[in-house]
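[1] Predicted model follows, preceded by the sequence.
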Amino acid sequence: MKPPYQVTPIILKSITSISEKIGAINANYLAKPSPKLRKENKIKTIHSSLKIEGNTLSEQQITALLDNKRVIGPERDVREVLNAIEIYGSLVNYNPFEEKSFLDCHRDLMKDLIEGAGKYRKQGVGIMKGSNVEHFAPPHENVPYLMKDLFEYLRKSEEIELIKSCVFHYEMEFIHPFIDGNGRMGRLWQTLILMHKYPVFEYIPFETLISQDQERYYAALAKSDKAGSSTPFLAYMLGIIDQSLTGSLDFSHRIFTEKDRLEYFVSLDKAEFTRKDYMEVFKDISGATASRDLKKGIELKMFEKTGQKNRTKYKL
């Protein structure tokens, strides 16, 4: 059964804007960031998603853990980060359309944090806001059937992934299938659904914008609860995705040094290229800078040079 929602003019406007930005990202070779930027985005995603759930570790501490260094902090917070690092380092191992994969992911994400990780709850739950119950989740007996229906929608609906990912995120939060870890699973699974169609979303830390204004996130969930439809959350979440893509198109903040440029260019997997090809990617650098970059790339054994003058080519 299709979950209730409507595609409003505001939602259509966001989808158009997002589609244009994804096209611009692909056209400007920004869909595959340099290794340095991939690492930075992974750290931002983990920090933001766990911060929403009350984790106290800083980006610097998460960086240290990612580099296999010891940090001083609450044991649970450290375990949450270590689990998330493992998950975000192997996203391709999870199938966004398979319920078993969803449960496996929760098991890995909540390992050593709760009993029954990777299993649906066996008790009723309510979501508190202060001293008030904000949301009563459906009875635990209904959870397996509701989640089965939700995955059927994911697999069989002809709706675009942008909409399906938001609908899944909201509906999963409404069902609240686990004792703990629902919020981080909702955001993570939305990323996986988007990645299936648009690989660039592996490197888009939209959780950062959510964590900067959590009240709007929870307000959008509450509005959808009250409306009995995911439409308000759809509008909110698509706006967040649109903003995140705008940040990714800010090219001046993506490439900093000659080594960053070289790492990024090599990641594009161009087997053979010229200086002109290099400058097509980095439109804001001079010919002299491009030549210095390429000379440095040869010194670092990132590629080799063949030919002379106008016939010079470079091979990975």
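    Done, it's in.
[2] contacts and neighbour counts: CA atoms only from here.
    Noted.
[3] Where do the helices of the stretch 101-250 of the chain begin and end?
    Per DSSP state H, counting those that start in this stretch, the stretch 101-250 of the chain carries helices over the ranges 143-156, 161-175, 182-197, 207-212, 214-227, 231-248.
[4] Could you check those and tell me which one is nearest residue 2?
    helix 143-156 (6.1 Å; CA to CA).
[5] buried ones in the closest one?
    143, 144, 146, 147, 150, 151, 152, 153, 154 (16 or more other CA atoms under 10 Å).
[6] just these now: which is nearest residue 24?
    When the buried residues of helix 143-156 are ranked by distance to residue 24 (CA to CA), residue 154 comes first, at 27.1 Å.
[7] Provide a list of residues in contact with the closest one.
    Applying CA atoms under 8 Å, 6 or more residues apart in numbering, we find residue 154 in contact with 97, 164, 168.
[8] Quick check, pLDDT for it.
    Note on residue 154: pLDDT of 96.
[9] quick one: it and residue 103, what's the gap?
    Here residue 154 is placed at a distance of 16 Å from residue 103 (CA to CA, to the nearest Å).
[10] returning to what we had before: got CSV for the buried residues of helix 143-156, with distance to residue 125 too?
    Listed next are the buried residues of helix 143-156 as CSV, based on distance: CA to CA, whole Å:
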residue, distance to residue 125
143, 12
144, 15
146, 15
147, 16
150, 19
151, 22
152, 24
153, 24
154, 25
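[11] one step back: buried subset of the contacts of residue 154 as a ChimeraX selection?
    The ChimeraX selection below is limited to those of these classed as buried (16+ other CA under 10 Å):
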select :97,164,168
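[12] quick one: residue 309 and residue 279, what's the gap?
    16 Å.
[13] typed the wrong thing, it's residue 247
    Separation of residue 247 from residue 279 (CA to CA) stands at 22 Å.
[14] Please apply the same query to residue 3.
    48 Å.
[15] what domains does the record give for this protein?
    For the chain, whose domains are defined here by automatic domain parsing, the residue ranges read 9-252, 257-315.
[16] which of the ones you listed is buried the deepest?
    Comparing those by mean neighbour count (mean count of other CA atoms under 10 Å), domain 9-252 comes out on top with a mean of 17.
[17] what distance separates that domain from the middle of the whole chain?
    Distance of domain 9-252 from the chain centroid (CA atoms, centre = their mean, to the nearest Å) equals 7 Å.
[18] can you map out the strands along the stretch 1-150 of the chain?
    All strands of the stretch 1-150 of the chain, identified by DSSP state E, counting those that start in this stretch, fall at 126-129, 132-136.
[19] The residue most central in space within the chain: what's it in contact with?
    By CA atoms, centre = their mean, the chain has its centre lying nearest to residue 191, at 4.5 Å. Residues counted as contacts of residue 191 (CA under 8 Å, 6+ apart) are 165, 201, 202.
[20] Quick one: end-to-end length of stretch 172-189, please.
    End residues of stretch 172-189 are separated by 10 Å (CA to CA).
[21] I'd like the average pLDDT over that stretch.
    95.
[22] which SS class is residue 314?
    Look at residue 314: counting by DSSP: H, G, I helix; E, B strand; the rest coil, its state is strand.
[23] Is the nearest residue to it once chain neighbours are set aside part of a helix or strand, or is it coil?
    Nearest residue to residue 314, sequence neighbours excluded (CA to CA, 6 or more residues apart in numbering): residue 305, at 4.6 Å. The local conformation at residue 305, judged by three-state DSSP, is strand.
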